[in-house]
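**Q** can't give you the sequence, but here's the structure:
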């Protein structure tokens, strides 16, 4: 997606060969117009999949998931990061370990808000190792629902997340695919393939 | 706001004299159309305040803050809940204790995204004791910016938050004001005053 790639080049900060900061328009300060454009793009891409729910993971996924859900005209569901297991039968939970941040949490979905009839679109801000997206997919499958697609704002294509999701049979659509990061350097997959 | 009050009566769950669950349309499952209507209402109410930034607290405030920022045409900033102090000069931080949840965290705002020239609108989902909103106001004032207004989705008017914020000189606008909660019972301030 051209406008996202341009914004990353203009405002993103490549700090190392694996860290890209986009705090000024996605993660801390958020540009609502860009979020709307990205939501529109996801909605357009997945419009024939009969999506019934948009799922995301708190908290950086919420803004693009909300605009996507608005353009599709369906509810959005926020998967919560709980520090510990909830001991009741009301939830689906799965353990996620973030390699980037060195933290673990229980990704949580209340059973009331998903059913076997749901066609789910999962939206997240970053795809790196794919831990969070794979965890989301486990919750959706445990609920008997169908994961119809995964929409990602920024994919670190040099890490293994995309391949893991494709190998698991999921449809992955990323708005910006980063082939290479280094201090002060961002190269997109398109730059190389074209 | 009529449509929010109706939705609370229809789908909200009053569990006790202090707990109201709105998980099916605000906190866990989110209705994007309702969020857009609420954002439009906040933008309309605060349209003459020359708002330059909408601030909110992760993660339940993000959806209404995003739609408000979109209608005002300004950036949105997410105040982060950090578990520990960040030892660098890049951030403003203040300790928040949630009486409802029995937890504490460091509310965090990166200095890069706020300046003395900013007129800030603070948006949050719930107002009870006012701990989070008072914390947000401390960060905004520490930055030398002006807190031009506070927009709340659901105010528990029987708790002390509203009075604390008014006493501190802030303009508080709540879309639904709850006068009384009891198991299965929700009464709005309007019901009583009218």
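**A** Now that the structure is in, tell me what you want to look at. What you are looking at is a predicted structure, and each value in this text was computed from that prediction instead of being measured.
**Q** alpha carbons only for contacts and neighbour counts from here, please
**A** Fine.
**Q** Does the residue most central in space within chain A have any beta-bridge partners, and if so which?
**A** By CA atoms, centre = their mean, chain A has its centre lying nearest to residue A:124, at 1.5 Å. For residue A:124, the residues forming beta bridges with it (DSSP bridges) are residue A:152.
**Q** any chance you could map the strands in chain A?
**A** A:13-14, A:20-21, A:29-30, A:53-57, A:76-82, A:91-98, A:103-110, A:119-127, A:146-156, A:172-182, A:185-188 (DSSP state E).
**Q** which regions of chain A sit below the pLDDT cut-off?
**A** Scanning chain A for pLDDT under 70 picks out A:100, A:191-194.
**Q** Those residues of it touching chain B, which are they?
**A** A:24, A:27-33, A:58-59, A:62-63, A:66-67, A:69-70, A:73-80, A:113 (CA under 8 Å from any CA of the partner chain).
**Q** Residue A:62 against residue A:80, yeah?
**A** No: Residue A:62 is beyond contact range of residue A:80, at 10.9 Å (criterion: CA atoms under 8 Å).
**Q** Pull out the buried positions in the helix of greatest length in chain A.
**A** In chain A, taking DSSP state H as the definition, the longest helix is helix A:32-45. The neighbour-count check on helix A:32-45 (16 or more other CA atoms under 10 Å in any protein chain shown) flags A:32, A:33, A:34, A:35, A:36, A:37, A:38, A:39, A:40, A:41, A:42, A:43 as buried.
**Q** Okay, the residue nearest to the centre of chain A and residue A:180: tell me how far apart.
**A** 20 Å (CA to CA, to the nearest Å).
**Q** Repeat that for residue A:12.
**A** When residue A:12 is compared with residue A:180 (using CA to CA), they lie 14 Å apart.
**Q** Compare neighbour counts for these two and give me the winner.
**A** residue A:12 (20 against 17; other CA atoms under 10 Å in any protein chain shown).
**Q** Excluding chain neighbours, give the residue nearest to that one in space.
**A** Spatial nearest neighbour of residue A:12, excluding adjacent residues (CA to CA, 6 or more residues apart in numbering or on different chains): residue A:22 at 4.9 Å.
**Q** Dihedrals phi and psi, that neighbour?
**A** Here is the backbone geometry of residue A:22 (degrees, to the nearest 10): phi -130, psi 40.
**Q** who are the neighbours in contact with it?
**A** A:8, A:11, A:12, A:13 (CA atoms under 8 Å, 6 or more residues apart in numbering or on different chains).
**Q** Kindly calculate the angle that the longest helix of chain A makes with strand B:76-82.
**A** 90 degrees (axes from the mean of the first three to the mean of the last three CA atoms, to 10 degrees).
**Q** Which strands and helices lie in contact with helix A:32-45?
**A** helix A:62-72, helix B:62-72 (3 or more CA pairs under 8 Å, 6 or more residues apart in numbering or on different chains; DSSP states H and E).
**Q** Turn the ones you listed into JSON lines, columns for mean neighbour count and distance to residue A:105.
**A** Converted to JSON lines, these look like this (neighbours: other CA atoms under 10 Å in any protein chain shown; distance: least, CA to CA, whole Å):
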{"stretch": "helix A:62-72", "mean neighbour count": "28", "distance to residue A:105": "18"}
{"stretch": "helix B:62-72", "mean neighbour count": "28", "distance to residue A:105": "21"}
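**Q** Residue B:188: which of the ones you listed is closest?
**A** When the helices and strands packed on helix A:32-45 are compared by CA to CA, helix B:62-72 sits nearest residue B:188, at 20.8 Å.
**Q** now check that closest one, is it near chain A?
**A** Yes: Helix B:62-72 lies within reach of chain A by CA under 8 Å from any CA, at B:62, B:63, B:66, B:67, B:69, B:70.
**Q** Surely the last one and residue A:30 touch.
**A** No: counting by CA under 8 Å, residue B:70 stays clear of residue A:30, with 10.2 Å between them.
**Q** Report the contact partners of residue A:55.
**A** Residue A:55 touches A:65, A:76, A:77, A:78, A:79, A:120, A:121, A:122, A:123, counting by CA under 8 Å, 6+ apart.
**Q** swap in residue A:65?
**A** A:39, A:54, A:55, A:56, A:76, A:123, A:124.
**Q** what's the closest of these to chain B?
**A** Of all the contacts of residue A:65, chain B sits closest to residue A:76, with 5.0 Å by CA to the nearest CA.
**Q** ok, and the closest non-adjacent residue to residue A:126?
**A** residue A:154 (5.0 Å).
**Q** Measure how buried that neighbour is and give me the count.
**A** A count of neighbours around residue A:154, defined by other CA under 10 Å, yields 22.
**Q** quick one: it and residue A:26, what's the gap?
**A** Counting by CA to CA - residue A:154 and residue A:26 are separated by 10 Å.
**Q** same check, this time on residue A:15
**A** 16 Å.
**Q** who touches the spatially closest residue to residue A:182 that is not a sequence neighbour in this structure?
**A** In space, and not counting its chain neighbours, residue A:182 is closest to residue A:17: 4.1 Å by CA to CA, 6+ apart. Each residue near residue A:17 by CA under 8 Å, 6+ apart is listed here: A:180, A:181, A:182, A:183.
**Q** can you rerun that using 7 Å?
**A** Contacts of residue A:17 were listed using CA atoms under 7 Å, 6 or more residues apart in numbering or on different chains, and they are A:181, A:182, A:183.
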